[in-house]
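Novice: What would the 3D arrangement of this be:
(one chain, ligands or ions: 2)
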Amino acid sequence: MGDKVYIFDTTLRDGEQSPGVSLNKHEKLEIAKQLARLKVDIIEAGFPIASKGDFEGVMEIAKRVKGPVIASLARANRKDIDVAWEAVRYSEHPRIHTFIATSDIHMKYKLKMTPDQVVERAVDAVKYAKKYTSDVEFSAEDAVRSDVKFLIRIFTEAIKAGATVINVPDTVGYTTPWEFGQLIKELKENIPDLDKVVVSVHCHNDLGMAVANSLAAVNNGANQIECAVNGLGERAGNASLEEIVMALNTRKDFFKKECNVDTTQIYRTSRLVSTLTGMPIQPNKAVVGDNAFAHESGIHQHGVLAEKSTYEIMTPESIGLKTNKLVLGKHSGRHAFRKKLEEMGYTLTDDEINITFSRFKDLADKKKEVTERDIEALVEHEVFSVPEVFKLEYLHVSSGNKIIPTATVKISNEEALFEEAACGDGPIDAVYKAIDKITGNGYRLEEYSIKAVTGGKDALGEVVVRISKDGKHYLGRGLSTDIIEASAKAYLAAINRLYYQQVCKHRNST
Ligand code: KIV
Ligand code: ZN
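Specialist: Ligands and ions are numbered 1, 2, ... in the order given. Just a heads-up that it's a prediction; the model follows:
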């Protein structure tokens, strides 16, 4: 199988299973297109039997994203496989990924099946999937806690049945690099045709070792790593794609492996996934955290100024992190703006350019320097948002340390303009109460966060809120140089998303 390591991205499947994350099909498509620019080898687009949204997401991506293999997940049963195939069949490179649990604990308590029945089911699933496509991946869920002899048996049978990729998941993030490396070695030594198929690993991060475990597996012969952007995934997440790729690249001297990924797309991909999922990136996160390339202490700064390699093992440019230089100003016209977007790798429709250009003009009036980060934030906010049912038309706030904060808001919808005022514990609370009076208040504010997009007193403020209703969560983002306006926009964006999803659901069911 040579020196290549295949990068299998599961941001849209396992990543989307992160608590609180829910992407609509347009957002999934945007992320998939960016993953294709990143040049991952495989995109696991979803678990089509799980929901109508998942099914449509996989189908949209299969039809429209060219380049990578598109994988569609199915439990080891014919119904799941039929649905997985139906969703992925239009891809130029479709893969069916089927799985069944193999640990005693899962077989006994979850599946209530004997080991023989599990092998029989796995073989049937692989053979059945093979009728649809030649590219079939088989995973032994909870492989790490399974009996090794049983793993050898089931993988041998799956390969005989036609599996072309064998995946070894650490479903509960339990293993260590030493043990996992040894497990891969043992499988390689004992499964007759394992060298004829791709050997994949899928590590969860419960003990913070997912990346190390995946790399230990590569050192022992694995040649596909399943991972997710920003380490998203069930519970503590999956192995982080950017850490895996930068480790393989930066330490090529040690791993001696090639991978296809275009590292200069890492930063943009990470930002996009964080924005669309509403999952912030911790500042000290390896590779993509805000501090990953910041040198604080005098000794380090001095060293880096004298020679970068004193304290930098990789460059910010290698992940596509640009210096925050001024790129456009208030006199820049539509043509220059369009050209800048193209240079930055965005392909927007004329309508999208028009909307973003008018936001850019507003911003350039308020802010002296408009940087690439500002433009990225504008595109992410304006292009990837849902249609506005409620639109903020006017906002007035009065606040201070000796007065009761009050807010007046005007909001329009297709039919009318509404105005309400309210008092609150603080100016944002007052604004939210006034908005509730107009839009109805049947939802709960679950999360509120604010951060500056760039430095400086006139920085754009980015607010992310999450509201919930009937057990479902809705994310909203707002952007403005005024943080109260950004807060109002974020809250309304979450309410708009709630309406949008309910209307879509209604349309789909009628
Ligand atoms: O963690 C896991 O075992 C999985 C499988 C479906 C591959 O996500
Ligand atoms: Zn998983």
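Novice: For the chain, name the helix or strand with the lowest mean pLDDT.
Specialist: Averaged element by element with mean pLDDT, DSSP states H and E, the chain has its least confident helix or strand at strand 326-328 (a mean of 69).
Novice: got the CA positions of stretch 473-485 in CSV?
Specialist: Only the C-alpha atoms of stretch 473-485 are listed here, as CSV (Å, rounded to 0.1, in the frame of the first residue of the first chain):
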residue,chain,number,x,y,z
HIS,A,473,-31.0,23.8,19.8
TYR,A,474,-30.7,26.6,17.3
LEU,A,475,-27.5,28.6,16.7
GLY,A,476,-27.3,32.3,15.8
ARG,A,477,-24.3,34.5,15.0
GLY,A,478,-24.2,38.3,14.8
LEU,A,479,-21.4,40.6,13.6
SER,A,480,-21.0,44.3,14.2
THR,A,481,-18.5,46.8,15.5
ASP,A,482,-21.2,47.5,18.1
ILE,A,483,-21.4,44.5,20.5
ILE,A,484,-25.0,45.3,21.5
GLU,A,485,-26.1,45.3,17.9
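Novice: Contacts for stretch 486-504, please.
Specialist: 24, 385-392, 395, 409, 411, 428, 431-432, 435, 439, 443, 445, 448, 450, 460-467, 469, 472, 474-480 (C-beta atoms under 8 Å, 6 or more residues apart in numbering). Any C-beta I mention is one placed from the backbone N, CA and C, and that applies to glycine too.
Novice: Determine how far it lies from the middle of the whole chain.
Specialist: Per C-alpha atoms, centre = their mean, to the nearest Å, the displacement of stretch 486-504 from the mean C-alpha position of its chain is 20 Å.
Novice: again with stretch 425-436
Specialist: Its chain's C-alpha centre lies 31 Å from the corresponding centre of stretch 425-436 when counted by C-alpha atoms, centre = their mean.
Novice: what is the rounded mean pLDDT of it?
Specialist: Mean per-residue pLDDT for stretch 425-436: 96.
Novice: Would you map out the domains in the chain?
Specialist: Taking automatic domain parsing as the domain assignment, the record places the domains of the chain at 6-277, 294-376, 391-509.
Novice: ranking those by burial, who's on top?
Specialist: Compared across the domains of the chain, domain 6-277 shows the largest average neighbour count, a mean of 21 (mean count of other C-beta atoms under 10 Å).
Novice: Run through the protein and note the low-pLDDT ranges.
Specialist: Within the chain, the set of residues satisfying pLDDT under 70 comprises 1-2, 295-297, 300-301, 323-326, 503-510.
Novice: list the contacts for the closest residue to ligand 1 within the stretch 351-500 of the chain?
Specialist: Closest approach between the stretch 351-500 of the chain and ligand 1, counting by C-beta to the nearest ligand atom: His473, at 21.5 Å. For His473, the residues meeting the contact criterion (C-beta under 8 Å, 6+ apart) are Gly20, Ser22, Glu446, Arg466, Ile467.
Novice: need the residues of this protein near ligand 1, please.
Specialist: Taking C-beta under 6 Å from any ligand atom as the contact definition, the chain meets ligand 1 at Asp14, Phe99, Ser139, Glu141, Asn167, Pro169, Thr171, His202, His204.
Novice: Please flag which of those sit within strands.
Specialist: Cross-referencing the residues of the chain next to ligand 1 against strands under DSSP state E gives Phe99, Ser139, Glu141, Asn167, Pro169, His202.
Novice: Leaving out sequence neighbours, find the closest residue to the third one.
Specialist: Translated: Glu141. Leaving aside its chain neighbours, Glu141 sits nearest to Ala101 (4.0 Å; criterion: C-beta to C-beta, 6 or more residues apart in numbering).
Novice: quick one: contacts for the one you found?
Specialist: Contact analysis of Ala101 by C-beta under 8 Å, 6+ apart lists Met107, Lys110, Leu111, Val118, Ala140, Glu141, Asp142, Thr171.
Novice: go with 7 Å
Specialist: For Ala101, the contact set (C-beta atoms under 7 Å, 6 or more residues apart in numbering) comprises Met107, Lys110, Leu111, Glu141, Asp142.
Novice: Determine the longest helix present in the protein.
Specialist: helix 483-509 (DSSP state H).
Novice: what about the residue of the stretch 351-500 of the chain closest to ligand 1, which SS state?
Specialist: Classification of His473 by DSSP: H, G, I helix; E, B strand; the rest coil places it in strand.
Novice: just the one 5 residues further on next, same as before
Specialist: Here Gly478 takes the strand state, with states given by three-state DSSP.
Novice: From the contact counts, what lies against whatever helix or strand Ala122 lives in?
Specialist: According to DSSP states H and E, Ala122 maps onto helix 115-132. In this structure, helix 115-132 packs against helix 78-88, strand 94-101, strand 136-141, helix 148-161, with contacts taken as 3 or more C-beta pairs under 7 Å, 6 or more residues apart in numbering; DSSP states H and E.
Novice: go with 10 Å
Specialist: Using 3 or more C-beta pairs under 10 Å, 6 or more residues apart in numbering; DSSP states H and E as the contact criterion, the elements in contact with helix 115-132 are strand 69-75, helix 78-88, strand 94-101, strand 136-141, helix 148-161.
Novice: so which of these gets nearest Arg271?
Specialist: Smallest distance to Arg271 across the helices and strands packed on helix 115-132 (C-beta to C-beta): 23.2 Å, for strand 69-75.
Novice: Pull up the pairing partners for the closest one, direction included.
Specialist: On the basis of DSSP bridges, the sheet neighbours of strand 69-75 come out as strand 42-46 (parallel), strand 94-101 (parallel).
Novice: Run the angle between it and helix 115-132 for me.
Specialist: Inter-element angle recorded for strand 69-75 and helix 115-132: 140 degrees (by axes from the mean of the first three to the mean of the last three C-alpha atoms, to 10 degrees).
Novice: for the helices and strands packed on helix 115-132, which one sits closest to Val229?
Specialist: Comparing the helices and strands packed on helix 115-132 against Val229 with C-beta to C-beta, the closest turns out to be strand 69-75 (15.7 Å).
Novice: how big is the angle separating that closest one from helix 78-88?
Specialist: Strand 69-75 and helix 78-88 are oriented at 160 degrees to each other (the same axes, to 10 degrees).
Novice: Kindly format the C-alpha coordinates of strand 69-75 as PDB.
Specialist: What follows is strand 69-75, C-alpha atoms only, in PDB (Å, rounded to 0.1, in the frame of the first residue of the first chain):
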ATOM      1  CA  VAL A  69     -14.600   9.600  -2.100                       C
ATOM      2  CA  ILE A  70     -18.000  10.200  -0.400                       C
ATOM      3  CA  ALA A  71     -18.800   7.700   2.300                       C
ATOM      4  CA  SER A  72     -22.300   7.000   3.600                       C
ATOM      5  CA  LEU A  73     -22.600   5.200   7.000                       C
ATOM      6  CA  ALA A  74     -24.900   2.200   7.600                       C
ATOM      7  CA  ARG A  75     -25.300  -0.300  10.400                       C
END
